[in-house]
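[1] Need the 3D shape of this:
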Amino acid sequence: MSDSRPALAVLGGSFNPPHLGHALLPGYLLARGDAARVLVAPCFDHPLGKSLAPFERRMSWVRAAMLGHDARVEVSSIEAELASERGGRPSYTLELLEAIAARQPDVRVRLVVGSDITNSGETDRWHRWDEIVARFDPIIVPRAGWSDPGAVTLPEVSSTAVREQIAEIRAAGPDVALARAALRGSVPSAVAVALERWIAGDEPRVWVVGHGHVAHHAVPWLRDRGFVVEQLSARGLASGTATVPSAEPLAGVWLLCRDGALAQVDAALVGRLPSSTPVLHAAGARLARLALPALHAAGHPVGTLHPICSMRREQPRSRLSTASFGLGGDAAARRFGAALIGQAPRVDLGHLDQRGRLAYHAACALVANHLAVLEDRGAAVLRGLGLATPAVIERAIGELMLGSLENLLALGIPAGVTGPLSRGDHATVAAHLAALDDDATRSLYAQLSERLAALLG
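    The predicted model follows:
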């Protein structure tokens, strides 16, 4: 019997560094219908002993290479998790595929491999290749010299050639201009920028304190933006057990720990940083000089850099690349925050007092946290009518909410609002209220409809 589950194509490799062929390959697989989704998983180490750039740096390059794809393409750090479980043993493709299949039983996992690998005999050196073929149905991508004439549709670029271009640039020889041009023609533009900054050693160093949901997304986001990030434990700093790296040179510190841990981290950092080092925290509801009194008293520029977006570590993609940021505090701290976020939109918090900061944070919480109430009430009505399974209902409600939000953001009020009240149809709203049996849901609908009618005029 054929397997009807949607296919998940697994694109592994060293990506040392990723090139245009890597960047275009997921789109090729999706367009051909070989897979419904693509998971890109850089290897943590190499089973054949190749020398590789550090894993986090390669992850950053791969994320930059895949920027043009939608949510069907995921860049995964699963190999780092598996490496910690292996205890120094080399990475094997079969183990990666088995781990992905165990985590995602609703998909059919398929390995992506080039025809140069399968036709050259290199698979004879792979760990249990026959079992990979039997269980994970490889997708063979045609490569020049190893496939039928005309079969190759992707650019023929190799990471080896890119590394040679990098070596030529570093050597600053007579052909450096040609090497730079060749590099820009071999890799995605975002990767070229990152590689050139890496070659020049022009990467500011920052500390991020914390390991929670925000830090989980902020650390790779900063690395993708060209910062060298050292992540410290808030608990370790507070207890004195953390190994603190050298503070020279250091562009600044961003505290992404829990709001309740700020006081302890504030005290623990005093004396460990040059007095001119700016320190930012991410607590939207608190003024920096009140949240970080010890650092402020010690002469540090302190400020707030608050991401105005919702983040969970369980989500592979964050919205930091499109988010706005609340920014305030001392001038040097604001400059550091502006450097971290680049051209991202910012909300100026500098003129707010503590009460104003609470009101600002309340507005963010009102929008971010209370969508759950609407989702819960809408889904409860559909479940009560016995219309579908809970999973189908949740998906239907979720897509409805996403579509409504996209309309609202694109078109504003009133054009982005749909439904009866957008047409002035108050009779249908009254009929809706009469049909709802649950008092809490009916009351919520009535209150929101009254407010919406006022907004729409």
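[2] Tell me who's in contact with the closest residue in space to residue 383 that isn't next to it in sequence.
    Nearest residue to residue 383 in three dimensions, chain neighbours excluded: residue 393, at 6.0 Å (C-beta to C-beta, 6 or more residues apart in numbering). Bear in mind the C-beta positions are built from the backbone N, C-alpha and C, glycine included. Residue 393 makes contact with 379, 382, 383, 387, according to C-beta atoms under 8 Å, 6 or more residues apart in numbering.
[3] Could you pick out the buried ones from these?
    379, 382 (16 or more other C-beta atoms under 10 Å).
[4] so which pair among the contacts of residue 393 is furthest apart in space?
    Using C-beta to C-beta, the contacts of residue 393 span at most 10.2 Å, a distance reached by 379 and 387.
[5] Need the contacts of residue 393 in JSON lines (columns: secondary structure).
    Shown next, in JSON lines, are the contacts of residue 393 (DSSP: H, G, I helix; E, B strand; the rest coil):
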{"residue": "379", "secondary structure": "helix"}
{"residue": "382", "secondary structure": "helix"}
{"residue": "383", "secondary structure": "helix"}
{"residue": "387", "secondary structure": "coil"}
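[6] and the contacts of residue 393 as a markdown table, adding pLDDT and distance to residue 419?
    Converted to a markdown table, the contacts of residue 393 look like this (pLDDT from 0 to 100; distance: C-beta to C-beta, whole Å):
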| residue | pLDDT | distance to residue 419 |
| --- | --- | --- |
| 379 | 96 | 18 |
| 382 | 96 | 17 |
| 383 | 95 | 21 |
| 387 | 93 | 19 |
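[7] Kindly reformat the contacts of residue 393 as JSON lines containing distance to residue 91.
    Output for the contacts of residue 393, formatted as JSON lines (distance: C-beta to C-beta, whole Å):
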{"residue": "379", "distance to residue 91": "42"}
{"residue": "382", "distance to residue 91": "45"}
{"residue": "383", "distance to residue 91": "44"}
{"residue": "387", "distance to residue 91": "46"}
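[8] Sticking with the residue nearest to residue 310 when sequence neighbours are not counted, tell me its helix or strand.
    Excluding the flanking residues, the one nearest residue 310 by C-beta to C-beta, 6+ apart is residue 368, at 5.0 Å. Assigning secondary structure by DSSP states H and E places residue 368 in helix 354-369.
[9] Check which residues of that helix are buried.
    Buried, per 16+ other C-beta under 10 Å, within helix 354-369: 357, 360, 361, 364.
[10] Give the rounded mean pLDDT of it.
    Per-residue pLDDT values over helix 354-369 give a mean of 96.
[11] Use 3 as the first number for this chain going forward.
    All set: I'll call the first residue 3, so the last point we hit is now helix 356-371.
[12] Relative to the whole chain's centre, how far out is that helix?
    Averaging C-alpha positions (C-alpha atoms, centre = their mean, to the nearest Å) puts helix 356-371 24 Å from its chain's average.
[13] quick one on the thing from earlier: which one of the contacts of residue 395 sits closest to residue 174?
    Residue 174 lies nearest to residue 381 out of the contacts of residue 395, by C-beta to C-beta, at 62.0 Å.
[14] Show me where the stretch 153-302 of the chain has its helices.
    Along the stretch 153-302 of the chain, counting by DSSP state H, counting those that start in this stretch, helices occupy 161-173, 178-188, 191-202, 215-226, 236-241, 264-271, 290-293, 295-299.
[15] quick one: the longest one to helix 178-188, angle?
    This points to helix 161-173. Put simply, helix 161-173 runs at 150 degrees to helix 178-188, going by axes from the mean of the first three to the mean of the last three C-alpha atoms, to 10 degrees.
[16] packing partners for helix 161-173?
    helix 178-188, helix 191-202 (3 or more C-beta pairs under 8 Å, 6 or more residues apart in numbering; DSSP states H and E).
[17] Need the winner for burial among the ones you listed.
    Highest mean neighbour count of the helices and strands packed on helix 161-173: helix 191-202, a mean of 18 (counted as mean count of other C-beta atoms under 10 Å).
[18] what angle separates it from helix 215-226?
    Put simply, helix 191-202 runs at 80 degrees to helix 215-226, going by the same axes, to 10 degrees.
[19] Which strands or helices does helix 191-202 pack on?
    Applying 3+ C-beta pairs under 8 Å, 6+ apart, we find helix 191-202 packed against helix 57-67, helix 161-173, helix 178-188.
[20] I'd like the ones you listed as JSON lines, with mean pLDDT and distance to residue 309 appended.
    Output for those, formatted as JSON lines (pLDDT from 0 to 100; distance: least, C-beta to C-beta, whole Å):
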{"stretch": "helix 57-67", "mean pLDDT": "96", "distance to residue 309": "18"}
{"stretch": "helix 161-173", "mean pLDDT": "94", "distance to residue 309": "33"}
{"stretch": "helix 178-188", "mean pLDDT": "94", "distance to residue 309": "32"}
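[21] which stretch among those helices comes nearest residue 95?
    Residue 95 sits nearest to helix 57-67 of all the helices and strands packed on helix 191-202, at 16.5 Å, using C-beta to C-beta.
[22] outside of that closest one, which residues touch it?
    Contacts for helix 57-67 (C-beta under 8 Å, 6+ apart): 16-21, 24-25, 42, 44, 46, 54, 77, 79, 81-82, 189-190, 192-193, 195-197, 200, 222, 225-226.
[23] Which members of those are classed as buried?
    Neighbour counting over the contacts of helix 57-67 (16+ other C-beta under 10 Å) leaves 16-21, 24-25, 42, 44, 46, 54, 77, 79, 81-82, 189-190, 192-193, 196-197, 200, 222, 225-226 as the buried ones.
[24] Which of the three states applies to the residue nearest to residue 385?
    Following three-state DSSP, the label given to residue 395 is helix.
[25] quick one, the helix or strand residue 83 falls within and helix 57-67 angle?
    Element membership for residue 83, per DSSP H and E: helix 80-88. Interaxial angle, helix 80-88 versus helix 57-67 (the same axes, to 10 degrees): 160 degrees.
[26] other SSEs contacting helix 80-88?
    Using 3+ C-beta pairs under 8 Å, 6+ apart, helix 80-88 sits against strand 39-44, helix 95-105.
[27] want to throw those into TSV with mean pLDDT and distance to residue 406?
    Formatted as TSV, the helices and strands packed on helix 80-88 follow (pLDDT from 0 to 100; distance: least, C-beta to C-beta, whole Å):
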stretch	mean pLDDT	distance to residue 406
strand 39-44	97	25
helix 95-105	96	31
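[28] Give me whichever of those is most buried.
    It is strand 39-44: most buried of these by mean count of other C-beta under 10 Å, with a mean of 24.
[29] now for that one, which elements pack on it?
    strand 9-15, helix 22-34, helix 57-67, strand 75-77, helix 80-88, helix 95-105.
[30] So what touches that strand?
    Contact partners of strand 39-44, identified using C-beta under 8 Å, 6+ apart, comprise 8-17, 28, 31-32, 57, 60-61, 64, 68, 71, 74-81, 98, 102, 109, 114.
[31] Quickly note the distance from the closest residue to residue 244 other than its chain neighbours to residue 14.
    Leaving aside its sequence neighbours, residue 244 sits nearest to residue 238 (C-beta to C-beta, 6+ apart; 2.9 Å). Residue 238 sits 33 Å away from residue 14, going by C-beta to C-beta, to the nearest Å.
[32] Alright, that wraps it up for me.
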